[in-house]
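Undergrad: Build the 3D model from these lines:
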Amino acid sequence: MLLSECIDQCLDASYPVFQDTLSIKDALARMQEGRLSCAPVVRDGELRAMVTPFDLLMEEPPNAKRELRLKDLRLEMPEKIGLHEHTFDIFRRMRSFPGSFIPVVDDSGRYAGVVRKSMLSESIAEVFHLGDEGMTIEIDVPSFGLKLSEVIAAFEKNDATVLSFGLTPMPSGGTGAVETFRIQTHDPFRLVKNMEKYGYSIRYSSPFSSEGEDDLRERALEFIRLMDM
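TA: Residues are numbered from 1 along each chain as shown. From the prediction side, this is the model:
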């Protein structure tokens with residue numbers, strides 16, 4: 001799934017939506033019956049709020065003289081995302097939405113439906129191959145003098161395929177950065193040893209499947225190094 005089309009393809013237009021003329025009592029009953037963590041509130045097709053059961057319980061007095069409606073709630077205009085926004089561009093805003101759903105509006109600003117936060121996270125994980133077979137390698141890199149293309153070339157020289165990568169600052173205020181790679185390779189042990197041989201500082205690599213095989217490979221590499229000398 002292309003992340004530029006993710007919102008459109010994950011859109012749920014059948015998710016329950018409340019008109020703002022609905023009474024708070026009825027809205028709360030529907031949310032409890034449907035076990036909804038949140039629900040969009042619309043007026044004339046436009047998104048006006050996202051309510052939670054907690055919002056409704058706080059606003060409905062037990063002995064109200066008149067039946068309060070959703071339009072009587074003192075709720076702020078909710079955050080929302082556009083139907084054709086890129087998933088990467090909205091990822092940092094996901095935590096600002098209550099519950100497990102995010103409201104979506106179309107290009108004209110009218111309410112279109114909701115998307116599950118979990119579906120967006122799964123789509124991002126798919127792009128970075130986090131659920132696929134492969135290994136993870138972290139490499140310490142200096143603040144200058146090391147090109148990403150050189151690291152990728154070193155992986156490819158060892159018949160490894162770089163599925164995805166990321167760059168983060170060195171933790172604890174250190175200089176330089178940490179490059180994290182998702183790698184597909186037939187021989188993880190040989191790859192790590194050769195990267196260290198090239199002078200790369202391996203901060204982390206996925207555990208190998210068999211310690212016994214690793215010992216044999218280590219001895220074989222030591223023998224090859226002695227032969228080269």
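Undergrad: quick one: pLDDT of the most centrally placed residue in the chain?
TA: Taking C-alpha atoms, centre = their mean, the centroid of the chain lies closest to S121, which sits 3.7 Å from it. As predicted, S121 sits at a pLDDT of 91.
Undergrad: residues in contact with the strand or helix carrying it?
TA: Assigned by DSSP states H and E, S121 belongs to helix 117-127. Contact with helix 117-127 is made by 1, 3, 6, 10, 87-88, 90-91, 94, 97, 100-102, 131, 164, as judged by C-beta atoms under 8 Å, 6 or more residues apart in numbering. Heads up, the C-betas are built off the backbone N, CA and C, glycines and all.
Undergrad: now stretch 172-185
TA: By C-beta under 8 Å, 6+ apart, stretch 172-185 touches 128-130, 132-143, 148, 151, 155, 158-171, 191, 203.
Undergrad: Check stretch 38-46 too.
TA: Outside stretch 38-46, the residues touching it (C-beta under 8 Å, 6+ apart) are 15-20, 27, 30-31, 47-52, 70-71, 73, 75, 78, 98-101, 103, 109-111, 114.
Undergrad: Just the buried subset of those residues, please.
TA: For these, a neighbour count by 16 or more other C-beta atoms under 10 Å gives the buried set as 15, 17-18, 20, 27, 31, 47-52, 70, 73, 75, 78, 99, 101, 103, 111, 114.
Undergrad: before we move on, the earlier item: please narrow the contacts of stretch 38-46 to those residing in helices.
TA: Using DSSP state H, A27, R30, M31 are the members of the contacts of stretch 38-46 that sit in helices.
Undergrad: Just give the nearest non-adjacent residue to H129, would you?
TA: The spatially closest residue to H129, leaving aside those adjacent along the chain, is L163, at 4.1 Å (C-beta to C-beta, 6 or more residues apart in numbering).
Undergrad: whoops, I mixed them up, M94
TA: Excluding the flanking residues, the one nearest M94 by C-beta to C-beta, 6+ apart is K117, at 5.6 Å.
Undergrad: Most neighbours of all the contacts of helix 117-127, which one?
TA: I102 (27 neighbours; other C-beta atoms under 10 Å).
Undergrad: ok, it to R182 distance?
TA: 26 Å (C-beta to C-beta, to the nearest Å).
Undergrad: before we move on, what about S4?
TA: 21 Å.
Undergrad: These two: which has the busier surroundings?
TA: Counted by other C-beta under 10 Å, S4 and R182 do not tie: R182 has more neighbours, with 19 against 13.
Undergrad: Make sure that one is indeed in a strand.
TA: Yes: assessed by DSSP: H, G, I helix; E, B strand; the rest coil, R182 belongs to a strand.
Undergrad: So in terms of bridging, what pairs with it?
TA: Following DSSP bridges, R182 is listed with bridge partners T136, S164.
Undergrad: How many residues are close by the nearest residue to R48 once chain neighbours are set aside?
TA: Counting by C-beta to C-beta, 6+ apart, R48 lies nearest to V41, which is 5.0 Å off, once chain neighbours are set aside. A total of 24 residues lie near V41 under the criterion other C-beta under 10 Å.
Undergrad: Next, V41: secondary structure please.
TA: strand.
Undergrad: Give me the local confidence score for it.
TA: Looking at V41, its pLDDT stands at 96.
Undergrad: any idea how far it is from E79?
TA: From V41 over to E79 (counting by C-beta to C-beta), the distance is 14 Å.
Undergrad: For C6, give me phi and psi.
TA: phi -60, psi -50 (degrees, to the nearest 10).
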